[in-house]
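*Asks:* Please find the sequence and the predicted model below.
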Amino acid sequence: MKRAIINIIGFFIGLAVYGQEPTWSVNENNFEYTMSFVAFLNVDGVTLVSTNDKVAAFVGTECRGVANLIYVSSKDRYYAYFNVFSNANDEVLTFKIYNSTTDAIIDIDKTVNFEINGLYGDLGQAFSFASPALSSEAELLSFDFKDVTITNRSINGDKMTLFVDNGLNVSALVTIFELSAGAQLHYNGVELVSNTSILDFTKPVLVEVLSEDESTRNSWEIIVQYNAVIGNLTFYKKDAVCYSGGAIKVLSSENGSEIVLFKDQEIQASQTINNGEVIFNSLQAGDYIVRVNGFEKPISINLKE
């Protein structure tokens with residue numbers, strides 16, 4: 001009797017741990033057309049990495065395609081390669097993931113319209129099936145170097161020029177950057193790690209920001225140059241005291257150019273160069289950015305007693 005009870009307990013424990021994976025299947029001979037996916041699976045922020053995990057596509061309740069994850073050694077990553085079948089364009093596809101670790105079926109809050117011979121994703125930029133959905137933002141929010149002072153910064157479209165002190169060895173700079181939530185920064189197909197990865201900036205460097213869901217890829221050209229007179233700009237500052245605010249003065253021959261003053265990434269003021277100068281008065285202590293014609297100059301206003 002005791003052995004029978006133990007066997008029963010073991011049976012139920014087995015059900016709880018291993019469960020019954022879904023028997024999704026599709027009769028390919030019933031359909032004329034296909035579209036394909038190369039995808040990765042993510043549940044609750046964790047990318048799935050078991051060959052027992054799977055994804056399936058449906059039209060209504062009818063399964064139209066299914067695949068388990070497979071390991072691709074060249075990428076050291078797990079992918080779902082699968083075809084989806086239909087007899088007509090624009091059928092609305094819904095998707096489900098089976099997570100073998102938790103023995104759970106998850107509905108994906110994403111639909112795709114069937115496209116004859118369509119291909120979604122590849123090994124370098126896979127399609128995401130995720131719950132909850134991953135971010136599609138791919139922004140390079142900041143880019144600097146460890147233990148290096150950026151004296152000026154120019155941003156023109158997807159080109160960023162960083163000015164450093166003359167004589168600095170730029171052949172091995174440790175990169176420090178901030179990206180959109182969950183995004184990755186790549187150089188020559190290799191993911192960079194902020195405050196760790198070292199790059200040679202003796203020539204312009206092309207980097208790519210890949211969004212968390214891998215749907216968006218934005219390229220940036222990073223150029224490092226030594227200090228020089230930029231647009232005949234000269235900057236002066238006056239620190240604040242307890243009874244009077246500080247000031248920033250910009251001298252330039254470029255009359256008509258707009259100069260914008262930022263503090264904490266918010267615009268504080270803007271003026272147009274007139275008679276060769278602009279003055280921002282009554283400034284509180286803090287770190288400011290002066291932007292003119294795409295160039296940025298960081299200036300700190302200190303509080304003196």
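*Replies:* Thanks, I have it.
*Asks:* if I pick the closest residue to Thr234 other than its chain neighbours, what's in contact with it?
*Replies:* Using CB to CB, 6 or more residues apart in numbering and skipping the chain neighbours, the partner closest in space to Thr234 is Leu251 (4.3 Å). Bear in mind the C-beta positions are built from the backbone N, C-alpha and C, glycine included. Residues near Leu251 by CB atoms under 8 Å, 6 or more residues apart in numbering: 233-236, 276-277.
*Asks:* how close does Thr149 sit to Phe163?
*Replies:* Distance of Thr149 to Phe163, given as CB to CB, to the nearest Å: 10 Å.
*Asks:* So between those two, which is more surrounded?
*Replies:* Ranked by neighbour count (other CB atoms under 10 Å), Thr149 and Phe163 place Phe163 first, with 21 against 11.
*Asks:* helices or strands up against the strand or helix carrying that one?
*Replies:* Using DSSP states H and E, Phe163 falls within strand 159-164. The contact analysis (3 or more CB pairs under 8 Å, 6 or more residues apart in numbering; DSSP states H and E) places strand 159-164 against strand 140-145, strand 152-156, strand 217-226.
*Asks:* What is whichever helix or strand comes after the last one packed up against?
*Replies:* Of the helices and strands lying after strand 217-226 in sequence (DSSP H and E), the nearest is strand 234-238. Applying 3+ CB pairs under 8 Å, 6+ apart, one finds that strand 234-238 contacts strand 246-251, strand 295-301.
*Asks:* Taking strand 246-251 as reference, get the angle to the last one.
*Replies:* Yep, that's strand 295-301 we're talking about. 150 degrees (axes from the mean of the first three to the mean of the last three CA atoms, to 10 degrees).
*Asks:* if we can go back for a sec, in CSV, list the helices and strands packed on strand 234-238 along with distance to Arg153.
*Replies:* What follows is the helices and strands packed on strand 234-238, written out as CSV (distance: least, CB to CB, whole Å):
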stretch, distance to Arg153
strand 246-251, 15
strand 295-301, 4
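*Asks:* Of all these, which one comes closest to Ile105?
*Replies:* In terms of CB to CB, the element of the helices and strands packed on strand 234-238 nearest to Ile105 is strand 295-301, at 50.4 Å.
*Asks:* got a list of what Ile70 touches?
*Replies:* 51, 78-81.
*Asks:* ok, and the most crowded of these?
*Replies:* Taking other CB under 10 Å as the neighbour criterion, Ala80 ranks highest of the contacts of Ile70 with 25 neighbours.
*Asks:* can I assume it is in contact with Thr47?
*Replies:* No: judged on CB atoms under 8 Å, Ala80 makes no contact with Thr47 at a distance of 11.5 Å.
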